[in-house]
Every structure is written in structure tokens, then in C-alpha cells.
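S.K.: curious how this folds, go ahead:
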Amino acid sequence: MKTRLFFKITVIALTLAVMPFIGKSQVAGIEDHPKAKERIQQLKKIRLIDILELDEASAEKFFARYNQYQKTVEDARANLKEAVADLEKNVQSKSSKEYSRKADLVVEKQTALANAVSERLKAMKSILTEEQYAKFIVFENNFAGQLQKMLMERKQKKLDGDK
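M.R.: The predicted structure is shown next:
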């Protein structure tokens, strides 16, 4: 019981600590703010431990595998970002000769990212119970939206306070 309370307090504290960076990170990209990225990852891990009700040994095992697959996801995301930037540069320079090839490359990188995310999800199935796995799938699909919602609420409170 004390552990769950500790996690909830930690989650709230991390959320408050992360919020100042999130607004900045959305403008320039989270990659440009390593502290914000790290804090968001810490928040995500704490929320996962809490939601999945992992003990210390299970959490170690879970995150060892999760981090292994997360690296693949991050690499795929970086490759996609690079391909989109290259296509965007091509569009801005109006050199239409390569539109199709570069657009196809972006689609290929999007598929690679989707596959990496799918593989990460599937890899967790063998180390979680059915209930934990279901909770994990739901969490992974909702985390970004929940983070954005917290940001919007924070911005709204700030706007209400400025009036």
C-alpha cells in the first residue's frame, strides 16, 4: 500500500517537473530537449510500474526487454524524421524529379516504425500476465494522448491565471 502511494506521489511530482519542458519540446521537437525527454521517460516507467503492479524483480526484467526494443523504435523514429526532412527539403526546393522516390521512402520508414512498435508490444507478452499485457497495450496506446491532455490543462490553467 505504501509503495503504491509512493508511486502516485512520484508520478505527480514528475508530472509537475516535466510540464515546463513539454511546451518547449512540442515547438522544437522533444529530441531538442534531452532533459524533457528523460523526464517523460521516467514518468512513463513509473506509470508502467504502477499500472502493471510490478515488483522490483519483475520491473527489472520488464524494463530490460522494453529498453532493448525501445532502442529499435527510437532508431526507426529517427530514420522516419530524417526521411520526412529530406522530402520536405526536396519539396521546398521544387526539384520534382525525386518526389516519388522520397515519398516512397517516407512510407517505407513509417512502416518500419509501425513494425518496430508492434514487435516491442509483442515482446512484452511473454513476460506479463494476460491482464498486465492488456493494461500495457492500453497504456502504450493512450500515454501520448494523456500527456498532451495534461499539457493542455496546464496551458489552460496558465491562461486562466493571467486574466
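S.K.: residues touching K61, list them.
M.R.: Listed by CB atoms under 8 Å, 6 or more residues apart in numbering, the contact partners of K61 are I127. The way it works is simple: take the backbone N, C-alpha and C, and place the C-beta from them, glycine included.
S.K.: walk me through the domains of this structure.
M.R.: Structural domains annotated on the chain: 1-53+130-163, 65-127, as defined by automatic domain parsing.
S.K.: pull the distance from the shortest one to the chain's centre.
M.R.: So the one you mean is domain 65-127. Taking the mean of its C-alpha atoms, domain 65-127 sits 15 Å from the chain's own mean (CA atoms, centre = their mean, to the nearest Å).
S.K.: stretch 50-67 too?
M.R.: For stretch 50-67, the separation from the chain centroid amounts to 17 Å (computed by CA atoms, centre = their mean).
S.K.: do stretch 125-142 as well
M.R.: Averaging C-alpha coordinates over stretch 125-142 and over its chain gives two centres that are 16 Å apart (CA atoms, centre = their mean).
S.K.: what's the distance between L113 and I127?
M.R.: 23 Å (CB to CB, to the nearest Å).
S.K.: so which of those two has more stuff around it?
M.R.: A direct count of neighbours by other CB atoms under 10 Å for L113 and I127 places L113 higher, at 20 against 14.
S.K.: what about the more buried one, which helix or strand?
M.R.: Using DSSP states H and E, L113 sits within helix 99-124.
S.K.: following that helix, which helix or strand comes up?
M.R.: helix 130-162.
S.K.: list the buried ones in that next one?
M.R.: Going by neighbour count (16 or more other CB atoms under 10 Å), the buried part of helix 130-162 is Q132, Y133, K135, F136, F139, L147, M150, L151, R154.
S.K.: OK, contacts around the first one?
M.R.: Going back to what we said before, that points to Q132. With CB under 8 Å, 6+ apart, Q132 has these contacts: L52, E53, L54.
S.K.: hang on, the earlier thing: what is the mean pLDDT for the helix holding L113?
M.R.: What helix 99-124 shows for mean pLDDT is 94.
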